[in-house]
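1. Sequence and predicted structure below; questions after.
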Amino acid sequence: MIVLGFESSCDETGVALVDCSGLGVPRLLSHALFSQIDMHQAYGGVVPELASRDHIRRVLPLTQQVLAAAAIPLKDVDVVAYTRGPGLAGALLVGAGAACAMAAALGKPVMGVHHLEGHLLSPFLSADPPVFPFVALLVSGGHTQLMRVDRVGSYELLGESIDDAAGEAFDKSAKLMGLPYPGGPHLAKLAEGGDAAAFKLPRPLLHSGNLDFSFAGLKTAVLTQAKKLGHDLDARKADLAASTQAAIVDVLVKKSMAAMLQTGLTRLVVAGGVGANALLRSELNAACAKRKVRVHYPELHLCTDNGAMIALAAGMRLQAGLETLQGGYTFDVLPRWSLQASSH
Ligand code: KG4
Ligand code: ZN
């Protein structure tokens, strides 16, 4: 069964083809991505209306690109999947509308997918795929969650951020330091040349006794520090970046290890854009090795938003018998949608 997947929840248009014949892990046939980062950079963040307008321009050329790359004719597509939420309403509607139009023209079924389920399952496309059950650390621009995952479709929330997400903490701190959007990768790059012990920044909720996170206070502490530095900020920026990154990573690693202890599980899956962070990966690798926990990541290029994870999640849900495919092309999108609400 060939699944064509569309991702358009934020500032990346992603299209992919996945083969989910049989019961093995679905295989990625081809994928293509157009990032709108350059366009939004001038505004310091995502402009929703501009995002929608651009998705609509990209989705068909990207579809032609993935079909050509996989040498698969459009008529061989069996299901069209799209990100139903969460995300920007207008942006989501582009993917949903394009998917439904294409499926209707082909006379094939269409399927809406949860964006976070896509992230969470994305390590199954890596060279070292996980096996169930596992704890998932979901760290994106909009979410920071620890989840117990027993099988496809079974997602139990263990803890989450009560305010900003980890990606937001990276992005907002980076903005305070005058770095371009999206700040995460820029801050990480700058931190390479800095001293992580230079500034003492808070590790909010580190000892809260539960698995919740809070990052809003950290951003305020970075702002206070930046103001205190005044004209010296430029000279100390790398140190401040390194200290900020260390604080975020420290909390993520310690809470993940607490989740392993609490659940008694021995596998950890990391997903979402912040999962691309090199310090997070090396610190998690070290902590997991110490506790005999196996840790799995998505391929680096599939950490941030992409169509492959959406086609994959659709394929895995179909294989697990969680979806009854039907015709009918009325659709809705769910800009706010919790993964637990779609859990079985
Ligand atoms: O998963 P994603 O592409 O989009 C959402 O669903 O939110 O995650 C984007 C987030 C942004 O906040 C971005 O700054 C962050 O992931 N990010 C990083 C890195 N690469 C992306 N943060 C820290 N270090 C990175 N290398
Ligand atoms: Zn995402």
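-> On my side now, so go ahead. Numbers count the residues shown, from 1 in each chain. Ligands and ions are numbered 1, 2, ... in the order given.

2. Get me the contact residues on this protein for ligand 2.
-> Applying Cβ under 5 Å from the ion, one finds that the chain approaches ligand 2 through 140, 305. C-beta coordinates here come from the backbone N, C-alpha and C atoms, glycine included.

3. got any ranges where the chain has weak pLDDT?
-> Low-confidence segments of the chain (pLDDT under 70): 344.

4. Mind listing what's buried along stretch 27-41?
-> For stretch 27-41, the buried set under the neighbour-count rule, 16 or more other Cβ atoms under 10 Å, comprises 28, 29, 30, 31, 32, 33, 34, 35, 36, 40.

5. Secondary structure of the third one: a strand, I assume?
-> Put plainly, it is residue 30. Yes - using DSSP: H, G, I helix; E, B strand; the rest coil, the secondary structure at residue 30 is a strand.

6. who's it bridged to?
-> residue 17 (DSSP bridges).

7. so how far is residue 178 from the residue of the chain positioned farthest from its centre?
-> Distance from the C-alpha centroid of the chain peaks at residue 231, with 35.9 Å (Cα atoms, centre = their mean). Applying Cβ to Cβ, to the nearest Å, the value for residue 231 to residue 178 is 13 Å.

8. swap in residue 79?
-> 45 Å.

9. Of these two, which one has the most company?
-> residue 79 (24 against 12; other Cβ atoms under 10 Å).

10. Can you tell me the closest non-neighbouring residue to residue 123?
-> residue 296 (4.4 Å; Cβ to Cβ, 6 or more residues apart in numbering).

11. the helices in the stretch 101-250 of the chain, which residues?
-> 115-121, 166-176, 183-191, 216-229, 233-263 (DSSP state H, counting those that start in this stretch).

12. could you list every residue that touches the closest residue to ligand 1 within the stretch 1-150 of the chain?
-> Across the stretch 1-150 of the chain, no residue is closer to ligand 1 than residue 141, which sits at 2.8 Å (Cβ to the nearest ligand atom). Taking Cβ atoms under 8 Å, 6 or more residues apart in numbering, we find residue 141 in contact with 10, 165, 167, 168, 171, 182, 184, 272, 273.

13. Equivalent analysis for residue 199, please.
-> 225, 239, 240, 243.

14. Who wins on neighbours among these?
-> Going by other Cβ under 10 Å, residue 240 tops the contacts of residue 199 with 25 neighbours.

15. Wait, that residue touches residue 200, no?
-> No - in this structure, residue 240 is not within contact of residue 200 by Cβ atoms under 8 Å, at 11.6 Å.

16. Which one of the contacts of residue 141 is nearest to residue 107?
-> residue 10 (30.6 Å; Cβ to Cβ).

17. Enumerate every residue touching the most centrally placed residue in the chain.
-> Centroid-nearest residue in the chain: residue 272, 2.7 Å away (criterion: Cα atoms, centre = their mean). Contacts for residue 272 (Cβ under 8 Å, 6+ apart) come out as 116, 119, 138, 139, 140, 141, 143, 167, 303.

18. hmm, back to that, Throw the helices of the stretch 101-250 of the chain into JSON lines and include distance to ligand 1, thanks.
-> Shown next, in JSON lines, are these (distance: least, Cβ to the nearest ligand atom, whole Å):
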{"stretch": "helix 115-121", "distance to ligand 1": "6"}
{"stretch": "helix 166-176", "distance to ligand 1": "3"}
{"stretch": "helix 183-191", "distance to ligand 1": "2"}
{"stretch": "helix 216-229", "distance to ligand 1": "13"}
{"stretch": "helix 233-263", "distance to ligand 1": "7"}
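
19. Excluding sequence neighbours, find me the nearest residue to the residue of the stretch 1-150 of the chain found nearest ligand 2.
-> Ligand 2 sits closest to residue 140 of the stretch 1-150 of the chain, with a gap of 4.4 Å, by Cβ to the ion. Leaving out its chain neighbours, the residue that sits closest to residue 140 by Cβ to Cβ, 6+ apart is residue 272, at 3.5 Å.

20. just checking, residue 267 touches residue 133?
-> Yes - between residue 267 and residue 133 there is a contact under Cβ under 8 Å: 7.3 Å.

21. Between these two, point out the one with more neighbours.
-> residue 267 (18 against 15).

22. distance of the more buried one from residue 40?
-> For residue 267, the distance to residue 40 - Cβ to Cβ - is 36 Å.

23. and what of residue 67?
-> 28 Å.

24. Could you give me the buried positions within the helix or strand that contains residue 94?
-> According to DSSP states H and E, residue 94 maps onto helix 89-106. For helix 89-106, the neighbour count (16+ other Cβ under 10 Å) marks 90-100, 102-103, 106 as buried.

25. Just give me the neighbour total for the closest residue to residue 138 other than its chain neighbours.
-> Among residues not flanking residue 138 along the chain, residue 145 sits closest, at 4.5 Å (Cβ to Cβ, 6+ apart). Using other Cβ under 10 Å, residue 145 has 27 other residues around it.

26. pretty sure residue 145 is touching residue 135, no?
-> No - the pair residue 145 / residue 135 is not scored as a contact, 10.6 Å apart, by Cβ under 8 Å.

27. what sits in contact with each of those two?
-> With Cβ under 8 Å, 6+ apart as the test, residue 145 and residue 135 both reach residue 158.
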